[in-house]
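**Student:** Below are the sequence and a predicted model for it; my questions follow.
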Amino acid sequence: MSRQPTEASWPDLRAVSWHLPLLWLAVGMAGVTLLAVVGLLVDPRTVTGAPLWAKPLKFAISILIYSLTLSWLLGLARRGRRLVWWAGTISAVFLVVEMVVIVGAAAVGVTSHFNVATPFHAALWSVMAISIVLVWAMALLVAVLLIRADLGDQARSLAIRAGALIAVVGMGLAFLMTGPTATQLDNFTGIAGAHTVGLPDGGPGLPLLGWSTVAGDLRIPHFVGMHALQIIPLAALLLEVLARRIPAVAGPRTRFRLLWVVIGLYLGVLALLTGQAVAGQSIVRPDPFVTVIAALLFGGAVVAAAAILWGASRDRDQDRDQSVRPRIADRSTPFA
């Protein structure tokens with residue numbers, strides 16, 4: 001019988017060495033979130049067709065979640081503590097720089113992203129772009145540090161490392177938005193870059209998120225990829241919770257295999273969303289090809305998960321039979 005990986009508990013939140021600058025950043029983003037909510041309620045202005053304070057609100061919430069997650073993850077890396085601290089601190093500093101530009105632009109009623117209408121706005125956009133690159137580079141460094149770190153449980157380690165690596169890819173997809181479109185090159189109006197593919201920014205979009213409902217939107221794969229940092233570790237945690245109620249999920253090796261299915265599905269969906277956005281297709285209006293690919297992805301994941309659970313149940317039954325047979329033999333009395 002093969003040896004099963006050992007169980008381990010998630011680190012106690014009180015025992016984790018949280019990265020303090022990132023925690024303070026999370027507190028600051030909570031304040032910006034409240035400010036943006038008030039702005040949405042009292043300020044009727046819009047920019048590129050969206051409420052003026054929607055962008056600061058979205059970024060504040062996203063950075064709040066990211067900084068809390070990163071602060072916790074950095075506490076799990078026991079090696080290279082000085083490098084870990086600097087990676088988190090540099091991330092915190094340049095996320096603040098990015099938010100200062102976003103909130104400042106909202107306060108004066110202009111767009112912060114892709115704005116090169118004047119030398120001043122171009123300089124601000126350059127500062128923001130440099131900040132984004134540095135934050136991305138630190139995320140890549142953190143992913144490398146987590147690959148080298150001893151994270152204990154095999155399934156949990158896979159979830160944390162895969163989540164960090166996919167998040168780096170998702171953050172990198174933002175660079176697809178930074179090039180000027182053909183329309184912008186033909187008729188320059190001070191904007192170089194766009195979220196939307198196929199139509200100008202500012203058309204009909206989903207409530208609050210603003211994702212285009214009539215064209216491709218590169219923010220969608222960027223968002224989905226970036227938040228793998230939270231979603232995949234949460235999937236590992238969910239499997240551990242289910243393991244207490246569902247015997248077939250109880251084995252660490254089974255959870256490890258199921259997480260590979262989750263990761264494969266996540267990567268497939270991310271690739272599909274990226275292709276759909278680049279092709280200029282709205283997420284709410286998928287064509288038959290995208291629909292079929294999505295069905296195959298989710299159907300394949302269900303089949304793979306079912307096969308893993310069936311194999312785990314069969315192995316558990318075989319192990320139980322092997323443990324019962326010796327006891328039956330011990331109780332039997334040989335005839336003379």
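**Tutor:** Ah, there it is.
**Student:** all contacts plus neighbour counts: C-alpha atoms, from now on.
**Tutor:** OK.
**Student:** Can you report how many residues lie near residue 238?
**Tutor:** Using other C-alpha atoms under 10 Å, the number of residues around residue 238 comes to 11.
**Student:** okay, it: pLDDT?
**Tutor:** Residue 238 is assigned a pLDDT of 92 by the prediction.
**Student:** ok, the closest residue to residue 51 other than its chain neighbours - contacts?
**Tutor:** Spatial nearest neighbour of residue 51, excluding adjacent residues (C-alpha to C-alpha, 6 or more residues apart in numbering): residue 45 at 6.2 Å. Applying C-alpha atoms under 8 Å, 6 or more residues apart in numbering to residue 45 gives the contacts 51-52, 109.
**Student:** where do the strands sit along the stretch 1-150 of the chain?
**Tutor:** Remark: strands assigned in the stretch 1-150 of the chain by DSSP state E, counting those that start in this stretch are 46-47, 50-51.
**Student:** Kindly compare burial across these and name the winner.
**Tutor:** The highest mean neighbour count among the strands of the stretch 1-150 of the chain, using mean count of other C-alpha atoms under 10 Å, belongs to strand 50-51: a mean of 18.
**Student:** Can you get me a residue count around residue 96?
**Tutor:** 17.
**Student:** which one is it nearest to, not counting chain neighbours?
**Tutor:** Residue 96 sits nearest to residue 25 (C-alpha to C-alpha, 6+ apart), 7.6 Å away.
**Student:** For this protein, give me the ranges with low pLDDT.
**Tutor:** 1-16, 315-336 (pLDDT under 70).
**Student:** for it, what spans make up the helices?
**Tutor:** 20-42, 54-76, 81-108, 119-148, 154-172, 182-186, 219-226, 228-243, 252-278, 288-331 (DSSP state H).
**Student:** out of those helices, which comes closest to residue 200?
**Tutor:** Proximity to residue 200 (C-alpha to C-alpha) singles out helix 182-186 among the helices of the chain, at 8.4 Å.
**Student:** so how far is the closest one off the chain centroid?
**Tutor:** 32 Å (C-alpha atoms, centre = their mean, to the nearest Å).
**Student:** With only the CA atoms kept, save that helix in PDB.
**Tutor:** Taking C-alpha atoms only, helix 182-186 is exported to PDB below (Å, rounded to 0.1, in the frame of the first residue of the first chain):
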ATOM      1  CA  ALA A 182      -5.700  51.500 -34.800                       C
ATOM      2  CA  THR A 183      -8.400  54.000 -34.300                       C
ATOM      3  CA  GLN A 184      -6.300  56.000 -31.800                       C
ATOM      4  CA  LEU A 185      -3.400  56.000 -34.200                       C
ATOM      5  CA  ASP A 186      -5.700  57.300 -37.000                       C
END
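**Student:** Show residues contacting that helix.
**Tutor:** 191-192.
**Student:** Next: stretch 119-138.
**Tutor:** Contacts of stretch 119-138 (C-alpha under 8 Å, 6+ apart): 87-88, 90-91, 94-95, 97-98, 101, 112-116, 168, 171-172.
**Student:** What residues sit buried inside that stretch?
**Tutor:** 121-122, 124-126, 128-129, 131-132, 134-138 (16 or more other C-alpha atoms under 10 Å).
**Student:** try stretch 96-109
**Tutor:** Those would be 96-99, 101-103, 105-106, for stretch 96-109 by 16+ other C-alpha under 10 Å.
**Student:** Next, format those as a markdown table and append distance to residue 81.
**Tutor:** Output for those, formatted as a markdown table (distance: C-alpha to C-alpha, whole Å):
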| residue | distance to residue 81 |
| --- | --- |
| 96 | 23 |
| 97 | 24 |
| 98 | 26 |
| 99 | 27 |
| 101 | 31 |
| 102 | 32 |
| 103 | 33 |
| 105 | 36 |
| 106 | 37 |
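**Student:** Just name the closest of the residues you listed to residue 288, please.
**Tutor:** Among these, and counting by C-alpha to C-alpha, the member closest to residue 288 is residue 102, at 38.1 Å.
**Student:** Please give me every residue in contact with the closest one.
**Tutor:** Residue 102 touches 55-56, 111-113, counting by C-alpha under 8 Å, 6+ apart.
**Student:** try 10 Å
**Tutor:** 53, 55-57, 59-60, 96, 110-113, 124-125, 128 (C-alpha atoms under 10 Å, 6 or more residues apart in numbering).
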